[in-house]
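Asks: Give me a model of this one.
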Amino acid sequence: MKKLYFLHGFMGTSDTHFTEQIAYFKEKYELILIDLPGHGNAPADASDNYFEETLNYVIAKIQNTGEGYVIGLSLGASLAIHIALRVPELVRGIVLTGYTPFIPEELEVVMQKQYEYFSNIEEKDEAIAEYFMGLHGERWKRTLNHVNHTMTFLYPEATKEHIQTIKVPVLLLNGSNELYEVNSAAYIKKINKDILIGLVPNAGHTANIDQPDIYNKIVDSFLKDTDKVPV
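Replies: Residues are numbered from 1 along each chain as shown. Sure, this is the predicted structure:
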């Protein structure tokens, strides 16, 4: 069976962020659920140089386990595209959701407010803080601080050249509700016509969670079509 690697988003786990995809694909593919450093059951903790060290962490996992598809949500999508750029020989294709290659100017104020909210989450929303504690253990605050800072101030951009030269099949599947994610899909398609894009109706940043039936069918079709292409 071909492998599907799942990479979750900020303060989630692969189990919690891909529940519906696990149920849908478990009989069709070998599913490899990776908890990113500092999250869930990951043995590694979050570090200062979060994105680069996490990128190397996931690449090492794939090198040890074997080539496959990589499905990423938000932070996981950023990791997926950079994995494909760095080790294309290990990646059969990638699916990106909740993804933008850079933070657009109109989103900077929103990102700053989000950063401040999560930096003070214990005061802002005690229930969410307790949820993070239950999901990630005592290290949750350290993880939150490292990832929150990285994705706000050190966003791992994919350049125009990156998008033009990526060698593996790509499906970008964003939700239709957020204009910046719609614009992101159009921007990427304009730069590289070979990249497949889709907008999931009535879905936000987490389109795979908001509309799992639509999402799963589109991803399934992409995987089947890509499987037909000789490596």
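
Asks: what about the helices in the protein?
Replies: With DSSP state H as the criterion, the chain has helices at 14-17, 19-25, 50-65, 75-86, 108-119, 121-124, 126-136, 140-153, 160-165, 179-191, 207-210, 212-227.

Asks: what does the second one contact?
Replies: To tie it back to what came earlier, the one meant is helix 19-25. For helix 19-25, contacts defined as CB atoms under 8 Å, 6 or more residues apart in numbering pick out 4, 6, 15, 31, 33, 71, 208-209, 212, 215-216, 219-220. All C-beta spots, glycine's among them, are computed from the backbone N, C-alpha and C.

Asks: so which of those residues comes closest to residue 140?
Replies: Ranked by distance to residue 140 (CB to CB), the contacts of helix 19-25 are led by residue 15 at 15.9 Å.

Asks: residues in contact with the closest one?
Replies: Here residue 15 is in contact with 22, 33, 40 (criterion: CB under 8 Å, 6+ apart).

Asks: Let's see if you can find the most crowded of the contacts of helix 19-25.
Replies: Of all the contacts of helix 19-25, residue 71 has the most neighbours under the rule other CB atoms under 10 Å, reaching 28 neighbours.

Asks: List the single closest residue to residue 31 in space, sequence neighbours excluded.
Replies: With CB to CB, 6 or more residues apart in numbering as the criterion, residue 31 has its nearest non-adjacent residue at 5.3 Å, and that residue is residue 4.

Asks: mind listing what residue 55 touches?
Replies: So residue 55 contacts 79, 82, 83, 86 (CB under 8 Å, 6+ apart).

Asks: Run through the residues that contact the third one.
Replies: Contacts for residue 83 (CB under 8 Å, 6+ apart) come out as 55, 58, 59, 62, 70, 90, 91, 94.

Asks: Could you do the first one as well?
Replies: For residue 79, the contacting residues are 7, 36, 51, 54, 55, 58, 70, 72, by CB under 8 Å, 6+ apart.

Asks: at 7 Å instead, please
Replies: The contact partners of residue 79, taken as CB atoms under 7 Å, 6 or more residues apart in numbering, are 7, 54, 55, 58, 72.

Asks: Repeat that for the second one.
Replies: Shown here is residue 82, whose contacts under the criterion CB under 7 Å, 6+ apart are 55, 156.

Asks: Please report the distance of it from residue 157.
Replies: 10 Å (CB to CB, to the nearest Å).

Asks: thinking again about what came up before, dump the contacts of residue 15 to CSV, plus pLDDT and distance to residue 101.
Replies: Converted to CSV, the contacts of residue 15 look like this (pLDDT from 0 to 100; distance: CB to CB, whole Å):
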residue, pLDDT, distance to residue 101
22, 99, 27
33, 98, 25
40, 98, 27
